[in-house]
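I'll drop the sequence and a predicted model, then ask my questions.
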Amino acid sequence: MYDMKALYEATSVENAIELRLEHPEAQIIAGGTDVLVQMREGKRAGKELISIQGLDEIRGVSMDENEAIRIGSLTTFSHITRDPIIQKYINVLGEAVDMVGGPQIRNVGTIGGNTCNGVTSADSASTLHAWEAIIELTGKNGKRYLPIKDFYIKAGTVDINVADGEIQTAVIIPKESYDRTAGFYIKYAMRNAMDIATTGCSVNCRLSPDKKTFERVRIAYGVAGPVPMRVPSAEAAINGKEVTLENIEMFSKTVLEDIHPRDSWRASKAFRQHIAVEMAKRCLIESVKRCGGDV
Amino acid sequence: MAQYKLVTCTINGKKREQIVDVRASLTDMIRNNFHLTSVKKGCEVGECGACTVLIDGEAINSCLYLAVWAEGKNIITLEGLMNPDGTLSDIQQAFIDETAIQCGFCTPGFILTATEILNAGVEYTDDELRKLLSGHLCRCTGYQNIFRAVKKTMLRRLGKDAEAELVK
């Protein structure tokens, strides 16, 4: 038995919004793989829950009329990994969420929950930052769209307006973001399964048609600061440059200008800085290969 | 005030109805109301995999799943894997043949995850298989035999009996 005060089961997105307005103190529960653990630990004990688990309308991946990839917030990690649209256009996201927890967690945990937690170590977060995902929130006043970097406010806090009854309903990847682009994610953790990232790095690039020049490189980290973050200095340093190992190494060293990891029980700041440089380099080399380039 | 709800679902092929406390986990409901005790209470935080069941063919940790979410779902526990004539399924028999069992606490969970893996009908590499099995802890550390049981069954289902015999 879980120590919960009450459970309200939403029957539709509109109903979830109504429930949220009626019970502003209640916690939203989607897949439950974080909320129920926290409840068991006592952190969320005695709370009311609004379950959105049954809302199949916000489950699944589709291509919208603007050719943007729309991932319903309740889509589970394993369904994202197996989805043909994801595999074709943003394979790295499927690979990144395939590193969350273990297989049974990935069959239940959702991308909406992963992002709404506001946790820097979330395996989807760095890739969604690096691909400039848009978060769709639905509330009593309709829909609101936020770039993911604005969605994360501080550690554990995201921009969801409870007073408007908002819930997250989709994660959107615009065409401009995934077009002619390929990426790579590295999760550094102590174990290969059931572990949380010491640091995660996601890089993607778009090369010129002759594959000799970086047209656009984007890089983001998890656990390099209190929230997942892009690394503008490194991106500015490599955009427009030739595809060479020297330039990639220069790029990877530049990341230290922007990231600010800390000492924690998982790893020291010095160690995180050290692996951050190496991860940036390896991720970009792999991204170049996936774009058909050569280093 | 305790809050209750009627849940209608299919468990091991039988249509079931049950009034549950909304605070109950699916593990609670399966063990306490249906006495299917192959579903173990281990860590209860989704790390050990001992409580694994199949929901609509996908392995999940029933400890991190509310019983009320079972509404309309098709649930399979280890008890549901037997063949209609009462004999064991191929994967259960393989666990016996390979001695993929020591204390037995992790076994039902492992077998259900193996069932999802095998039903995919894919020939996985060793590394892929290890990753697919990584959501379970065997504290007797009998992983090698478990791995072999799953791999041999995978190959046999793909008609590669000769190859299965060579798995070490």
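Sure thing, it's come through.

so for stretch B:6-18, what gets flagged as buried?
Across stretch B:6-18, burial judged by 16 or more other CB atoms under 10 Å in any protein chain shown covers B:Val7, B:Cys9, B:Thr10, B:Ile11, B:Asn12, B:Gln18. C-beta coordinates here come from the backbone N, C-alpha and C atoms, glycine included.

could you check it against chain A for contacts?
No: judged by CB under 8 Å from any CB of the partner chain, stretch B:6-18 stays clear of chain A, getting no closer than 11.3 Å.

any chance you could list what contacts that stretch?
B:19-20, B:29-30, B:33-34, B:36, B:67-68, B:70-77, B:79-80 (CB atoms under 8 Å, 6 or more residues apart in numbering or on different chains).

wait, isn't A:Arg290 in contact with A:Gly183?
Yes: using CB atoms under 8 Å, A:Arg290 is in contact with A:Gly183, at 7.3 Å.

ok so, going back, list buried residues within the contacts of stretch B:6-18.
Judged by 16+ other CB under 10 Å, buried ones among these: B:20, B:29-30, B:33-34, B:36, B:67-68, B:70, B:73, B:75-77, B:79-80.

count of neighbours near residue 130?
I went with chain A, as the question did not name one. 32 (other CB atoms under 10 Å in any protein chain shown).

other chain: chain B
Neighbours of B:Arg130 (other CB under 10 Å): 16.

between A:Arg290 and A:Gly183, which one's more packed in?
More crowded of A:Arg290 and A:Gly183, by other CB under 10 Å: A:Gly183, with 29 against 16.

pull the longest helix from chain B.
helix B:143-157 (DSSP state H).

buried stuff in it?
Under 16+ other CB under 10 Å, the buried positions of helix B:143-157 are B:143, B:145-157.

tell me the two of the residues you listed that are most distant?
Using CB to CB, the two most remote members of the buried residues of helix B:143-157 are B:Tyr143 and B:Arg157, lying 21.2 Å apart.

which SSE is A:Val108 in?
Using DSSP states H and E, A:Val108 sits in no helix or strand.

what strand or helix carries the closest residue to it other than its chain neighbours?
Spatial nearest neighbour of A:Val108, excluding adjacent residues (CB to CB, 6 or more residues apart in numbering or on different chains): A:Gly31 at 4.5 Å. In the assignment (DSSP H and E), A:Gly31 maps to no helix and no strand.

what is the burial count for A:Gly31?
26.

in strands only, show me the buried ones among the contacts of stretch B:6-18.
Applying DSSP state E to those, the entries found in strands are B:Val20, B:Ile75, B:Ile76.

spit out the contact partners of the single nearest residue of chain B relative to chain A.
Closest to chain A within chain B is B:Gly135: 2.8 Å, counting by CB to the nearest CB. Shown in contact with B:Gly135 (CB under 8 Å, 6+ apart): A:Gly101, A:Gly102, A:Pro103, A:Gln104, A:Ile105, A:Ala193, A:Met194, B:Gly49, B:Thr52, B:Ala59, B:Asn61, B:Thr113.

in helices, which of the residues you listed appear?
A:Pro103, A:Gln104, A:Ile105, B:Thr113.

so what pLDDT did the third one get?
What the model reports for A:Ile105 is a pLDDT of 98.

and A:Ala193, by the same measure?
So, for A:Ala193, pLDDT stands at 86.

could you measure from it over to A:Thr115?
Distance check for A:Ala193 against A:Thr115: by CB to CB, to the nearest Å, it reads 22 Å.
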